[in-house]
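1. what's the 3D shape of this:
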Amino acid sequence: METAQTALWIVVMLVALALLFDFMNGFHDAANSIATVVSTGVLKPAQAVLFAAFFNFVAIFVFHLSVAATVGKGIVQPGVVDTHVVFGALVGAITWNVITWYYGIPSSSSHALIGGIVGAVIAKAGAGALVSTGILKTVAFIFVSPLLGFALGSLMMLAVAWMFRRSRPSRVDKWFRRLQLVSAGAYSLGHGGNDAQKTIGIIWLLLIATGYTAASDASPPTWTIVSCYLAIGLGTMFGGWRIVKTMGQKITKLKPVGGFCAETGGALTLFLATTLGIPVSTTHTITGAIVGVGSTQRASAVRWGVAGNIVWAWVLTIPASAFVAAVGYWLSLAIF
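-> Numbering: from 1, shown residues only. As a prediction, this is how the structure comes out:
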């Protein structure tokens, strides 16, 4: 009985750690949802985080749990995951998030989690325990999501510029200050829909591994879904202000029309990926869209040095979080 109670408390602790990661995901990625709408002056920071948090949670009613299924059942071979693997994965992801938040680097919480899972699983059972199709699909979208965001953001900007070519700048600015509320809401919806599901997926992995839910179940328990969407919404409410400035002003200067195009391009990318069940980086997506909008003005409008530093963080995210996760896995063997 004592052993069973100990096992239960370990599961409870890991669920709490996963929800902490989810909260940090919202906190870390709040900049993705609100940077453009704050930097253009459409909303004040406090208004923006409440606005984004609301749409993060509303996503629970919009998207199917396709991304959660990929993370929960499509990354690792059945039977490999245990409490030590989940602990290592979460430690790797949280550590990388804290480091990049501290230095104001808009890296990917999503890929930190995937890297964490990969590192912990390899530490336990080797690379053969990974599901290659799920890994390759995720890695491919490291490149596809920012490129798609770039293409859609720049095309939106060109289309809007042509449609309003005869309108007064003040009139265009007035209209797009209103429309940016729509695009910011859509982007926050996509952020909540894709990112909350990654934490749902890892809790689902844990519950299957420990026997609290069956691998044959079509979806995880309802409490898992609700708690993860709440956690990411609360994280967004507290906001990661160190990253807002980088995303909103350091890459390129944005006006409301540019903010609208970047958010709309990013939102469309996230909607597509979530529908296909692909865990993508909201950070990569919105960065690509912002760069795309800036590049339609002139190449010099984009601070390519800042963009280059961000890309280096993207490249390092999975291997860095995987390494820390492997260390976390070995430490957990000595702890519990």
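2. Which residue ranges of this structure form helices?
-> Under the criterion DSSP state H, the chain contains helices at 2-39, 45-58, 66-73, 83-102, 109-125, 132-163, 169-209, 222-238, 241-245, 256-276, 282-297, 304-335.
3. among these, which is nearest residue 216?
-> Evaluated over those, closeness to residue 216 peaks at helix 169-209, with 9.5 Å, by C-beta to C-beta. (Each C-beta comes from the backbone N, C-alpha and C, glycine too.)
4. Which elements pack onto that closest one?
-> helix 2-39, helix 45-58, helix 66-73, helix 83-102, helix 109-125, helix 222-238, helix 256-276, helix 282-297 (3 or more C-beta pairs under 8 Å, 6 or more residues apart in numbering; DSSP states H and E).
5. closest one to residue 154 among those helices?
-> Residue 154 sits nearest to helix 282-297 of all those, at 3.7 Å, using C-beta to C-beta.
6. and the closest one, how far from the chain's centre?
-> 16 Å (C-alpha atoms, centre = their mean, to the nearest Å).
7. for that helix, which positions count as buried?
-> 282-296 (16 or more other C-beta atoms under 10 Å).
8. Could you do stretch 112-132 as well?
-> Under 16+ other C-beta under 10 Å, the buried positions of stretch 112-132 are 112-125, 129-131.
9. that older thread, looking at the buried residues of helix 282-297, spot the one nearest residue 48.
-> Comparing those against residue 48 with C-beta to C-beta picks out residue 286 as the nearest, at 14.0 Å.
10. what pLDDT does that closest one get?
-> Residue 286 carries a pLDDT value of 83.
11. for the stretch 151-300 of the chain, which spans come out with low pLDDT?
-> The stretch 151-300 of the chain contains residues with pLDDT under 70 at 239-254, 298-300.
12. returning to that earlier point: mind putting the helices of the chain into JSON lines with distance to residue 215?
-> Converted to JSON lines, these look like this (distance: least, C-beta to C-beta, whole Å):
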{"stretch": "helix 2-39", "distance to residue 215": "16"}
{"stretch": "helix 45-58", "distance to residue 215": "28"}
{"stretch": "helix 66-73", "distance to residue 215": "8"}
{"stretch": "helix 83-102", "distance to residue 215": "15"}
{"stretch": "helix 109-125", "distance to residue 215": "16"}
{"stretch": "helix 132-163", "distance to residue 215": "15"}
{"stretch": "helix 169-209", "distance to residue 215": "5"}
{"stretch": "helix 222-238", "distance to residue 215": "15"}
{"stretch": "helix 241-245", "distance to residue 215": "37"}
{"stretch": "helix 256-276", "distance to residue 215": "22"}
{"stretch": "helix 282-297", "distance to residue 215": "29"}
{"stretch": "helix 304-335", "distance to residue 215": "22"}
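13. sorry, back to before: dump the helices and strands packed on helix 169-209 into TSV; add distance to residue 138 as well.
-> Output for these, formatted as TSV (distance: least, C-beta to C-beta, whole Å):
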stretch	distance to residue 138
helix 2-39	16
helix 45-58	22
helix 66-73	8
helix 83-102	14
helix 109-125	5
helix 222-238	19
helix 256-276	10
helix 282-297	12
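14. closest to residue 152 out of the ones you listed?
-> Using C-beta to C-beta, those put helix 256-276 closest to residue 152, at 3.3 Å.
15. Would you indicate which residues of that closest one are buried?
-> Neighbour count says helix 256-276 has 256-274 buried, by 16+ other C-beta under 10 Å.
16. how much does that helix deviate in direction from helix 66-73?
-> Taking axes from the mean of the first three to the mean of the last three C-alpha atoms, to 10 degrees, one finds helix 256-276 and helix 66-73 inclined to each other by 50 degrees.
17. Mind giving me the packing neighbours of helix 256-276?
-> helix 2-39, helix 66-73, helix 132-163, helix 169-209, helix 282-297.
18. Recalculate using a threshold of 6 Å.
-> Judged by 3 or more C-beta pairs under 6 Å, 6 or more residues apart in numbering; DSSP states H and E, helix 256-276 is in contact with helix 2-39, helix 132-163, helix 169-209, helix 282-297.
19. closest one to residue 225 among those?
-> Smallest distance to residue 225 across these (C-beta to C-beta): 5.8 Å, for helix 169-209.
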